[in-house]
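[1] Quick one: sequence plus predicted model below, questions after.
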Amino acid sequence: MIKVIDNIFLSQKIRIKKKYTNKELKLYQYFHKKTKFYPEYVIILNQFIFLFVNNDIYFEAKVHLNSIRKQLEKKVVMIRAENTLIKLLFSFFPDPYIHDIKIEINEENGKKIKIITIYFLSFEERGIAIGRQGAYIKAVNEIFEKYIIYEKKDLPITLKCKLLNL
């Protein structure tokens, strides 16, 4: 169960700040040619291409996702460009069912960090959320670390995915 203070933290406004590389600019134009829509942001991390699209065009653009994935050599993920932290969290994990979210403050290597733990009901859903060898959750954590600007960020944030023990 989410506490009131956690609810306030998760409801905060966020935005994405990004300087584009040439490759990302080319993907921006490619996405527009393919879908007739412009993405809000394009981020390339490791084997992933994150395409952030406006909520209004999400379903229309998602129709093209399979053909985009076939043409590009990386794993392509389409994310809804949200402006609150909680909505963005759910956008990064659209397929698995998120049962609960808990926030705690831990101290690692002498530094305090805020850990947002996302709980899933099955091992399969947790596996989808973290990706092969944890690649997806590592990429999402990197996005939260490098590109997300928080309204009320007081500590560094780390996301974790766990299986809920009922």
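    Good, I have the coordinates.
[2] Show me what the strand or helix carrying residue 70 packs onto, helices and strands only.
    Residue 70 belongs to helix 65-71 when assigned by DSSP states H and E. Here helix 65-71 touches helix 22-35, strand 75-80, going by 3 or more C-beta pairs under 8 Å, 6 or more residues apart in numbering; DSSP states H and E. Backbone N, C-alpha and C define where each C-beta goes, glycine included.
[3] could you dump those to CSV with distance to residue 92 and mean pLDDT?
    Formatted as CSV, these follow (distance: least, C-beta to C-beta, whole Å; pLDDT from 0 to 100):
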stretch, distance to residue 92, mean pLDDT
helix 22-35, 18, 95
strand 75-80, 6, 95
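[4] Mean confidence (pLDDT) on the helix holding residue 70, please.
    Helix 65-71 carries an average pLDDT of 94.
[5] Tell me which of the helices and strands packed on helix 65-71 is the most buried.
    strand 75-80 (a mean of 20; mean count of other C-beta atoms under 10 Å).
[6] re the thing from before, and of the helices and strands packed on helix 65-71, who's closest to residue 12?
    Closest approach to residue 12 among these (C-beta to C-beta): strand 75-80, 17.2 Å.
[7] Residue 122 is nearest to which of the helices and strands packed on helix 65-71?
    strand 75-80 (20.9 Å).
[8] Need the pLDDT of the residue nearest to residue 98 when sequence neighbours are not counted.
    In space, and not counting its chain neighbours, residue 98 is closest to residue 118: 5.6 Å by C-beta to C-beta, 6 or more residues apart in numbering. Residue 118 carries a pLDDT value of 94.
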